[in-house]
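Asker: My questions are about this predicted structure, shown below with the sequence.
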Amino acid sequence: MNLIIVESPAKGKTIKNILGKGYEVLASFGHVRDLPQKELGVDVKHNFEPKYVIPAKARKNIKLLKNELTKVDDVYLATDYDREGEAIAWHVVKALGLNEKKVQRITFHEITKPAVLEAIKKPRKIDMNLVDAQQGRRVLDRLVGYKLSPFLWQKVAQGLSAGRVQSVAVRLIVEKEREIRNFKSQEFWSIEANLAKINDKQIFKAILTEEEGKPVEKLTIKNQAQAQKILNDLKNAIFQVKDVKSLVKNRYPAPPFTTSTLQQEAARKLHFSPKQTMRIAQGLYEDGLITYMRTDSVQVSPLAIEEAQKVISEKYGQNYLPEKPRFYRTKTLGAQEAHEAIRPTSLKIGQISGDEQRTNLYNLIWQRMLASQMKEAIFEETLAQIAASKYGFEGKGSKMKFNGYLKVYLGEECPKEQILPPLLKDEKLNLISLEKNQRFTEPPVRYSEATLIRELEKRGIGRPSTYAPTVSVIIDRGYVEKVQSKLEPKEIGEIVTDLLVEHFPEIIDYNFTAKIEDELDQIALGRRQWQKVISQFYEPFSKELATKIKEVSKQAITEEETDKICPSCGQKLKIKLGRYGKFLACSGFPECKYTSPLLDKLASGTPTLVKEKCPKCGQELLLKEGKFGQFLACQGYPKCKFTKNIIIEAKVKCPNCGGKIVRKTTRKGKVFWGCANFPKCKTAFWNEPQSETCPKCHSILTLNNRTKVLKCSQCEYEQENS
């Protein structure tokens, strides 16, 4: 009897069905050894020797595996096809006390019968270079987290954490948010002519591009007066075709998915989070339906290309096959070219059973792989130059001549067709109408989870296995929040980022973080020792940390004087910084323990003591804020527990039913504004509705009180609130 050890029972079940009798397949249930949770677990004085322990949740399973060892002849370790999988295999050997020389390591990029049987025929030993690369990452991240996090506890607030990759990710989001805040929207106008051939009903658009031989660029026409002057100039102008050019343009398919591109496309098309995408992809892999889903390579095997050509030919015809098979090379920094892209294990399986999310993700992977080996789409583009007095206009047409790979995989790259009528040089045209359109420059777009991953990948920060966990961590730990699918930094995220940038610039420097990834890759190739890489980082870091612990003042970061008076003892209040942001606290602490949320009203000078008496005991009422918004509470609490909810109305009525719009909170305490006539009317806004309307579409504008940015509730218009 042979024993095969894998990470998960689902993967084990698939392999067991392939191998049948003579093999027992058991799961390690992931990691069987790790660094201890409540201590550093790294001996920095003795070559960074890690101290590994068996977690409590793994002990029972380790005992079961040890019992099974007495019944088997050979042990095969079939953990995943990456560094983490290699490290898990090594930890299994150590936890079970196995003889490394007698243990066989097998890997496969796909859980199919040919791949598994081939792996059994060609076992190898554990690759310690890959193990060391994973150990290096784990130890480095532990040193940063366990050394830098206590610094944040001492200087900012308890419960904060720092990480080599997570802090860089937060920095990207913070810097993007500040770009948006500093953005100044500029007004500009465009001029469009609706034209037609003489005696023809087909109308086409042409855009003003030239005035007296000079180009009219995006911001050339700055206001309505300038736009109106151009319209007046063109009232009696003769529109005449100056030149017509046609050209053929090819659009080529994208390569098969990598981990990053799968997460991005699943977010765009299926609205999946990266974490959700990887969970579903893991299941598809373990069921033998797709190849390994943690990869940054776009290469596929010759057999997969051959199968794709056969399916394309049978399903869509020979005219959808290119003359030669398509081969791709990744542009990702530090990509593992030995791996394969994500693809179905068999393209003959076009549909699978299961829940809708699973089916949709499989279909996306199937379509992308098939499309990557199809012929390019062909478009005919027409460009017409049109003269009118001293002005020049441009009309553009685009027509698909052959859909190619777009037959299977429709993406954002497929343009809308706009057909121009057949135009001749010097031909005169009818002017149907002229339009002047007011526009505004748009601020940068916040990162979504998927676009943040794309940015991390572009900069060489992290690797396929780290993208989704990094995004989840920064949200779960409260540095960033998702607002309408976009990532916005919380106040504490900005404060921690500023602190780290000022005092530990190298730790969250983009180039440094990418350089560490390169060095980990070198360890995996056997070109560097992981202890030396750690030493080069840790020695200067530990000295700098010791200096900063002495030099940096917590009060300078977390406290700010105010002229407000404590309602409990009469001393001055201070603005302090806590785990969840700023709040008001009495300067007489610890004798006086009065605290209050730092609301917009309080910040502008309104005292927390309101001019209203408690109806139960006659004492003054205090304005407070709880999980579900603002409320009034008796100053005599806890003896008197009187409270009263506050209904805060927006400055505008509901646009759908005319009812009141009031401040509300979600179950998780997130503030929003909704119609008071709910559930009959479900109108709601994340930010406070304003009386002003959007200059572009005339919908209600909303105000983000933190960023002071006005944003349209319907279109993409934004401007800084003056």
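Answerer: In hand now; what should we look at? Numbering: from 1, shown residues only.
Asker: Flag every buried residue along stretch 145-156.
Answerer: For stretch 145-156, a neighbour-count test (16 or more other CB atoms under 10 Å) marks Gly145, Tyr146, Lys147, Leu148, Pro150, Phe151, Leu152, Lys155, Val156 as buried. From N, CA and C alone the C-beta is placed, and that goes for glycine too.
Asker: Give the rounded mean pLDDT of that stretch.
Answerer: For stretch 145-156, the mean pLDDT works out to 90.
Asker: What of stretch 273-280?
Answerer: Across stretch 273-280, pLDDT averages out at 93.
Asker: got the contact list for that stretch?
Answerer: Applying CB atoms under 8 Å, 6 or more residues apart in numbering, the external contacts of stretch 273-280 come out as 259, 262-263, 266-267, 272, 293, 357-358, 361, 449-450, 453, 467-469, 471-472.
Asker: Can you say which of those residues are buried?
Answerer: Those of the contacts of stretch 273-280 that meet the buried threshold are 259, 262-263, 266-267, 272, 293, 357-358, 361, 449-450, 453, 467-469, 471-472, by 16+ other CB under 10 Å.
Asker: Glu380 versus Glu612, what's the distance?
Answerer: Look at Glu612 and Glu380: by CB to CB, to the nearest Å, they are 74 Å apart.
Asker: mind saving the C-alpha coords of the strand or helix carrying Lys576 as CSV?
Answerer: In this assignment (DSSP states H and E), Lys576 forms part of strand 572-578. The C-alpha coordinates for strand 572-578 follow below in CSV (Å, rounded to 0.1, in the frame of the first residue of the first chain):
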residue,chain,number,x,y,z
LYS,A,572,-9.6,71.3,28.4
LEU,A,573,-10.4,68.6,25.9
LYS,A,574,-7.7,67.1,23.6
ILE,A,575,-8.1,65.4,20.3
LYS,A,576,-6.5,62.0,20.7
LEU,A,577,-5.9,59.2,18.2
GLY,A,578,-7.2,55.6,18.9
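Asker: need the next SSE after it, C-terminal direction.
Answerer: In N-to-C order, the element after strand 572-578 by DSSP H and E is strand 581-586.
Asker: and that following strand, what other elements does it pack with?
Answerer: helix 491-503, strand 572-578, strand 595-597 (3 or more CB pairs under 8 Å, 6 or more residues apart in numbering; DSSP states H and E).
Asker: Any idea which of the ones you listed has the lowest pLDDT on average?
Answerer: For these, where the average pLDDT is lowest is strand 595-597, sitting at a mean of 77.
Asker: Identify the neighbouring strands of it in the sheet and state each direction.
Answerer: Strand 595-597 pairs in its sheet with strand 581-586 (antiparallel), by DSSP bridges.
Asker: Other residues contacting the partner strand?
Answerer: The contact list for strand 581-586 (CB under 8 Å, 6+ apart) reads 490-492, 562, 564, 566, 568-569, 571, 573-576, 592-598, 602, 608.
Asker: Check the residues you listed for burial and list the buried ones.
Answerer: Among those, those buried by neighbour count (16+ other CB under 10 Å) are 490, 492, 564, 566, 573-576, 594-598, 602, 608.
Asker: Kindly indicate which of the residues you listed lies nearest Thr547.
Answerer: Taking CB to CB as the measure, Thr547 lies nearest Ile492 of these, at 24.3 Å.
Asker: Is it correct that that closest one is in contact with Gly159?
Answerer: No - Ile492 lies out of contact with Gly159 (CB atoms under 8 Å); the separation is 9.8 Å.
Asker: Centre of the chain to the longest helix anywhere in the chain, how far?
Answerer: For the chain, the helix with the greatest residue count under DSSP state H is helix 128-155. Offset of helix 128-155 from its chain centre (CA atoms, centre = their mean, to the nearest Å): 23 Å.
Asker: which strands and helices sit next to that helix?
Answerer: strand 42-43, strand 49-50, helix 83-96, helix 491-503, helix 510-524, helix 530-551, helix 554-558.
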